[in-house]
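Q: I'll drop the sequence and a predicted model, then ask my questions.
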Amino acid sequence: MSSTLHPAPQTGPRFRAFTPHDLDGLLQLVRVPAAERLVLRAVSSVLPFRTNTYVVDELIDWSAVPDDPIFRLTFPQTGMRPRPTSAQWPTFCPRTRPGPRSSAPRTRSG
């Protein structure tokens, strides 16, 4: 078993896990619009995403994506998460998440 993106070595079948880091490469197998890819990446940054070569190569009918049931069960979907309010966005974006020092105003020592 090997993924079309990541062929397995010739020594035999190996397990290969796909994570959010591999999401763009997997979605290039089919014609998923860029806007939908962006949404899938955003959802995968909040919800767990992990699959393997058997699911990618044997179970998903890539010609039927995004309606394939195994694809819908495995890959993050837009409806899996309620739409956050603007007050909730900082909890989803690590760069804007307030840290322990951000609550107190900074002063210059001089």
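A: Right, received. Where do you want to start? All of these numbers come straight from a predicted model, not from anything done at the bench.

Q: next one: phi and psi at residue 66?
A: Dihedral angles of residue 66 (phi, psi; degrees, to the nearest 10) stand at phi -90, psi 10.

Q: return the distance of it relative to residue 40.
A: As judged by C-beta to C-beta, to the nearest Å, residue 66 and residue 40 stand 9 Å apart. (Glycine included, C-beta is placed from N, CA and C.)

Q: how long is stretch 38-58 end to end?
A: One end of stretch 38-58 sits 25 Å from the other (C-alpha to C-alpha, to the nearest Å).

Q: quick check: mean pLDDT of it?
A: Stretch 38-58 shows an average pLDDT of 88 in the prediction.

Q: again with stretch 63-83
A: Mean pLDDT, computed over stretch 63-83, is 84.

Q: give me the contact list for it.
A: Stretch 63-83 is contacted by residues 23, 26, 30, 32, 36, 39-40, 43-44, 46-47, 49, 51, 55, 59-62 when judged by C-beta atoms under 8 Å, 6 or more residues apart in numbering.

Q: filter those down to the buried ones.
A: 23, 26, 32, 40, 43, 44, 49, 51, 55, 60 (16 or more other C-beta atoms under 10 Å).

Q: show me the contacts of stretch 63-83 that map onto helices.
A: Among the contacts of stretch 63-83, DSSP state H puts 23, 26, 36, 39, 40, 43, 44, 46 in helices.

Q: what pLDDT does residue 101 get?
A: Looking at residue 101, its pLDDT stands at 50.

Q: kindly report the same for the one 4 residues further on.
A: The predicted local distance difference test score for residue 105 is 53.
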